[in-house]
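Colleague: Let's see this in three dimensions:
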Amino acid sequence: MSKIVDFINLHNGEEDKEKVLENVTSNISFRGSNLWILACAIIIASVGLNVNSTAVIIGAMLISPLMGPILGAGFALGTYNFRLLRKSIKNLLIATIVSLLVSAIYFYISPFKDVQSELLARTSPNIYDVMIAFFGGLVGVIAITRVEKGNPIPGVAIATALMPPLCTAGYGLATLNFSYFFGAFYLYTINCFFICIATFFVIKYLKYPATTAVDPKNAKKIRYGITALMMLMIVPSFYLAYNLFQEKRFTKTVDEFINSEFGTRGYTVIYQKLNYNSNPKKVDIAFLNKKLTPAEIQLYNRMLSERGLTNTVINFRQDDADLKSEILNELTKQDNSLTEKDLTINSLRKELSKYKVEEPGLKKELAILFPELESVNLGKIERYAETDSAKIEWLVLYRSTDGKEVRESAKLKNWLEERLETKDVRLLHEKQTDNID
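Modeller: Model prediction:
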């Protein structure tokens, strides 16, 4: 049993407590370079949210210095160092205000204000975000109390995601969308608080000495205060998680209903839209060539209620002009939500098209005009002149029946230039080699 306890003992490999507190204290301040790094990270994260780029957002989280004052607050609570606690909270407030201002200014002047999926994901925190923040905080504080720090801190910065919620809150301020602002700021508060609480628990477990003597009554008040704040943070997140579960179940039930009642009967659904947050909840649907009577519409609404979807109305869009405008709007939204991957693929396709050879009848024509040609291969290469400017050149690799160059090579070159509509044709003769046994 003692071997098992020793195997999981956090005191193994622990750094000197004084050094740990010195490192934590030195990373709290937001002045000079730290403030500039924070502002740059905020702009990078805002751009990532703006263009829906996960890679850019992750990069911003890695360079963000926001973890310093949060860990400092947890250390201060664990060691009853109220001077350090005041300093940590003050610097965290400065960092938060600067981040909100920078992100709000960016989104205010940015011409692109469409709500992307990466931004929308930061507006509805739930209990899973609480768990991520708490266990991420545990990893973070355990790492910084080790002699061998390892590399968990970057992973903690990515997992707990302090930067994106702040930028999303800035977006809410810039667009005056306060539901986004409060949702994102609540997520940011959850992350900060539970990283701090995880730090507090680890510091208590590792028995860091108290900086000042604390009356047992005051220590109990601190514990009660922490417990009350934890409940204040957790309860709304449970409600949001329950709401998310209900929405997922609603979507799944509607999809099953549409598939069983319409898909299996051969009705082609060309438009489907759910509105879970309306009262009553709405399901808009349209078919390619099926028109329903009022009696059939009532029947399907009754069947929907029997499936357990109470307070829900199914609306069949049968007005062609109205439906056309809805479909066009959806197509426009899809066009505007091209991901970075789609743009990269399109760019690569354009680049490859410069070197693609599409002349299916050329070889047949060459065989008629120049019967001495045995085989012809076409290709394109990019050549750079002395001025460093690039141009695409056609390469024609041929082999003749007698193994010699075509007698009328000039005529062949001129014909190819005319046929390919280019002056950059280069002929290459492939010489035959005798096999030696």
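Colleague: list the contacts for the closest residue to residue 193 other than its chain neighbours?
Modeller: Spatial nearest neighbour of residue 193, chain neighbours left out: residue 233 (5.6 Å); criterion: CB to CB, 6 or more residues apart in numbering. C-beta here means a position set from N, CA and C on the backbone, and glycine is covered the same way. When contacts are counted by CB atoms under 8 Å, 6 or more residues apart in numbering, residue 233 touches 130, 189-190, 193-194.
Colleague: For the residues you listed, work out which two are farthest apart.
Modeller: Spanning the widest gap among the contacts of residue 233 are 130 and 189, at 10.9 Å by CB to CB.
Colleague: residues near the residue lying closest to residue 369 once chain neighbours are set aside, how many?
Modeller: Excluding its sequence neighbours, the residue lying closest to residue 369 (CB to CB, 6+ apart) is residue 415, at 6.8 Å. By other CB atoms under 10 Å, the residues close to residue 415 number 16.
Colleague: So what touches the helix or strand residue 415 falls within?
Modeller: Using DSSP states H and E, residue 415 falls within helix 409-420. Contacts of helix 409-420 with the rest of the structure, by CB under 8 Å, 6+ apart, involve 359, 362, 365, 369-370, 394, 396, 406, 423, 425, 427.
Colleague: Please report the distance of residue 424 from residue 202.
Modeller: Distance, residue 424 to residue 202, by CB to CB, to the nearest Å: 68 Å.
Colleague: of those two, who's got more company?
Modeller: A count of neighbours by other CB under 10 Å puts residue 202 above the other of residue 424 and residue 202, at 22 against 14.
Colleague: From residue 218, how far out is the closest residue to that one other than its chain neighbours?
Modeller: Once flanking residues are discounted, residue 202 sits nearest to residue 141: 4.5 Å by CB to CB, 6+ apart. Residue 141 is 23 Å from residue 218, where distance means CB to CB.
Colleague: the more surrounded of the two?
Modeller: The residue with more neighbours, out of residue 141 and residue 218, is residue 141; 25 against 11, by other CB under 10 Å.
Colleague: Just give me the residue closest to the centre of the chain.
Modeller: In the chain, the C-alpha nearest the mean C-alpha coordinate belongs to residue 54, at 2.9 Å (CA atoms, centre = their mean).
Colleague: Which strand or helix spans the residue lying closest to it once chain neighbours are set aside?
Modeller: Distances taken as CB to CB, 6+ apart place residue 118 nearest to residue 54, at 6.5 Å, with adjacent residues excluded. Here residue 118, judged by DSSP H and E, is contained in helix 117-120.
Colleague: Now do the buried residues in that helix.
Modeller: Applying a neighbour-count criterion of 16 or more other CB atoms under 10 Å, one finds 118-119 buried in helix 117-120.
Colleague: Show the secondary-structure elements that that helix is packed against.
Modeller: Helices and strands touching helix 117-120, as assessed by 3 or more CB pairs under 8 Å, 6 or more residues apart in numbering; DSSP states H and E, comprise helix 33-51, helix 163-174.
Colleague: Would you mind giving the orientation angle of the first one with respect to helix 163-174?
Modeller: Relative orientation of helix 33-51 and helix 163-174, computed by axes from the mean of the first three to the mean of the last three CA atoms, to 10 degrees: 70 degrees.
Colleague: pLDDT of helix 33-51, averaged?
Modeller: Here helix 33-51 scores 86 as its mean pLDDT.
Colleague: who's in contact with whichever helix or strand comes after that helix?
Modeller: Downstream of helix 33-51, the first helix or strand assigned by DSSP H and E is helix 54-63. With contacts defined as CB under 8 Å, 6+ apart, helix 54-63 is touched by 37, 40-42, 44-45, 47-49, 118, 154, 157-158, 161-164, 340.
Colleague: and for stretch 288-306, what are the contacting residues?
Modeller: Contacts to stretch 288-306, defined as CB under 8 Å, 6+ apart, come from residues 257, 261, 267-270, 283, 312-314, 316, 318.
Colleague: So which of those are in helices?
Modeller: 257, 261 (DSSP state H).
Colleague: ranking the contacts of stretch 288-306 by neighbours, who comes first?
Modeller: The most neighbours of any of the contacts of stretch 288-306, using other CB under 10 Å, belong to residue 283, which has 24 neighbours.
Colleague: For the residue nearest to it when sequence neighbours are not counted, which residues are in contact?
Modeller: Residue nearest to residue 283 in three dimensions, not counting chain neighbours: residue 314, with 4.5 Å by CB to CB, 6+ apart. For residue 314, the contacting residues are 282-283, 285, 297, 300-301, 304, by CB under 8 Å, 6+ apart.
Colleague: Many thanks, I have nothing further to ask.
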